[in-house]
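Trainee: Structure for this input, please:
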Amino acid sequence: MPLEHHPLTREFPEYRQKLQTLHASDPHFAQMAQNYESLDKRIYEAEDGRQAVDALALQALKSERVLLKDQIAERLHKANGKSS
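Mentor: Residues are numbered from 1 along each chain as shown. Sure thing, here's the model as predicted:
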């Protein structure tokens, strides 16, 4: 299976404009997005062998990324006037 990055714009293409708006106007959202992107980069580098991470630590990083993605999705839905 090929390695892939999971940027927010790819995970939420329908919210591309909302991602930009929230990133610029909501410091908490911007921090969550930055943390997500940083985690995604670390996971990619670990899976690619550029960063030494054991399987348990890699799984913890992936779990953290999923949690952040869920929190970001919730904010995007609320900002778009939808309930979760």
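
Trainee: How far off centre is stretch 25-38?
Mentor: 9 Å (Cα atoms, centre = their mean, to the nearest Å).

Trainee: list the buried ones in that stretch?
Mentor: For stretch 25-38, a neighbour-count test (16 or more other Cβ atoms under 10 Å) marks 29, 32-33, 36-37 as buried. All C-beta atoms are positioned from the backbone trio N, CA, C, and that covers glycine.

Trainee: Would you mind giving these as JSON lines with distance to Glu47 added?
Mentor: Formatted as JSON lines, the buried residues of stretch 25-38 follow (distance: Cβ to Cβ, whole Å):
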{"residue": "Phe29", "distance to Glu47": "27"}
{"residue": "Met32", "distance to Glu47": "22"}
{"residue": "Ala33", "distance to Glu47": "21"}
{"residue": "Tyr36", "distance to Glu47": "16"}
{"residue": "Glu37", "distance to Glu47": "16"}
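
Trainee: Of those residues, which belong to helices?
Mentor: 29, 32-33, 36-37 (DSSP state H).

Trainee: Save the residues you listed as a markdown table, and put in pLDDT and distance to Phe12 too.
Mentor: Output for those, formatted as a markdown table (pLDDT from 0 to 100; distance: Cβ to Cβ, whole Å):
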| residue | pLDDT | distance to Phe12 |
| --- | --- | --- |
| Phe29 | 97 | 12 |
| Met32 | 97 | 13 |
| Ala33 | 97 | 10 |
| Tyr36 | 97 | 11 |
| Glu37 | 96 | 13 |
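
Trainee: which one of those is nearest Arg50?
Mentor: Glu37 (16.7 Å; Cβ to Cβ).

Trainee: Distance of the closest one relative to Tyr44?
Mentor: Taking Cβ to Cβ, to the nearest Å as the measure, Glu37 falls 11 Å from Tyr44.
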